[in-house]
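Engineer: here you go, sequence then predicted model.
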Amino acid sequence: MAPTRAIELPKANLMASQIWLAKGAVHLVRRKPLGAIGAAFVLLMLLVGIFAPLLATHDPIEANASIRLLSPNATYPLGTDNYGFDIYSRVIWGARVSMTVASLATGLTVLLVLLVGVSTGYFGGWWDMAVQRIVDTALAFPGLLIMLAMIMLMGTSMASLIITLGIILGIRYSRVVRAAVLSIKELQYFESALAVGCSRLRIITYYILPNIFGPVMVIATLNWGNIVIMESNLSFLGFGVPPPDPSWGRMVSEEARPFFERAPWMALFPGIAISLTVFGFNMLGDALRDLLDPRLR
């Protein structure tokens, strides 16, 4: 019987997780239709980024001077820019760049939020005091100034952009998780776990992490959209993803700025892509906050 149970148990767990996800999706659509619309936009942008090689009709970094500044037409549905790049293909590939930066930076943010927030809130003492003074120092300076300084030190690249955004946002939002951990420490089930002699690892794994899942999910979702905006802002200033990789922020700024009146489509379509992506993440984040926070039900 042991081999049979070993084979059937993962199937049962997989089926249960699929049922749970399906129920969650139905609940989201019924209770928060705007959140469902936001989730659809997020999923759309993720799929566009994944399948960019299949969706793009031209090479996004292949210039053709003979087709400069063409308005939208049948061959180039979103027109071309001043270098002869196909804007449609660059917007599609820009989705991959933005989703890659946002996904990896969000993952780093969540990792730092959990490490810093949980450790300082749970252990307290001198460790909490020392880390919180570092957080205070980081919050005392404008975030944009710190990001520019870090990128200048590490060099302009996608990796430095991801590390910079992840560290800055992880430090900034660690206090949200720390406050949640401090509130959990005052509850009776936490005191009961201490009284029966549960280890620190067990307390963190079974009593703290499941109860801060909601705030962490909201932080991750909302910051996903914020990171898209920050990446666009840094690209606007020339500190984002370096060329020739297409970036929505750089397409709106340095590439389209001299041609706003002559070729407005150069800035219009990347701007729409940024707006839809940020709208989707914000609507999804607001819906998750309302659904996961029992005080807002």
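Structural biologist: Okay, I see it. Not measured: the values here are computed from a predicted model.
Engineer: just want the most central residue of this protein.
Structural biologist: Trp224 (2.2 Å; Cα atoms, centre = their mean).
Engineer: ok but it is inside a helix, no?
Structural biologist: Yes. Looking at Trp224 with DSSP: H, G, I helix; E, B strand; the rest coil, it is inside a helix.
Engineer: doesn't Met283 make contact with it?
Structural biologist: No. Taking contacts as Cβ atoms under 8 Å, Trp224 lies outside contact range of Met283: 11.9 Å. From N, CA and C alone the C-beta is placed, and that goes for glycine too.
Engineer: that older thread, and the residue nearest to the centre of the chain, how far from Glu191?
Structural biologist: Here Trp224 is placed at a distance of 36 Å from Glu191 (Cβ to Cβ, to the nearest Å).
Engineer: same question for Thr164.
Structural biologist: Distance, Thr164 to Glu191, by Cβ to Cβ: 40 Å.
Engineer: out of these two, which sits in the busier spot?
Structural biologist: With neighbours defined as other Cβ atoms under 10 Å, Thr164 and Glu191 compare such that Thr164 has more, 23 against 10.
Engineer: how about the nearest residue to that one once chain neighbours are set aside, what does it touch?
Structural biologist: Distances taken as Cβ to Cβ, 6 or more residues apart in numbering put Met150 closest to Thr164, at 4.5 Å, once the chain neighbours are dropped. Neighbouring residues of Met150 by Cβ atoms under 8 Å, 6 or more residues apart in numbering: Ser160, Ile163, Thr164, Ile167, Ile168.
Engineer: out of the residues you listed, who's nearest Ile134?
Structural biologist: Ile167 (11.6 Å; Cβ to Cβ).
Engineer: any idea which element the spatially closest residue to the closest one that is not a sequence neighbour lies in?
Structural biologist: Distances taken as Cβ to Cβ, 6+ apart put Leu112 closest to Ile167, at 6.7 Å, once the chain neighbours are dropped. Following DSSP states H and E, one finds Leu112 within helix 87-123.
Engineer: in the stretch 101-250 of the chain, which spans are helices?
Structural biologist: Along the stretch 101-250 of the chain, counting by DSSP state H, counting those that start in this stretch, helices occupy 125-140, 143-154, 158-185, 188-195, 200-203, 213-236, 248-252.
Engineer: what's the closest of these to Asp86?
Structural biologist: helix 248-252 (11.9 Å).
Engineer: now the helix or strand just after that closest one against helix 213-236, angle please.
Structural biologist: Scanning forward in sequence from helix 248-252 by DSSP H and E, the next helix or strand is helix 265-292. Orientation of helix 265-292 against helix 213-236 (axes from the mean of the first three to the mean of the last three Cα atoms, to 10 degrees) gives an angle of 170 degrees.
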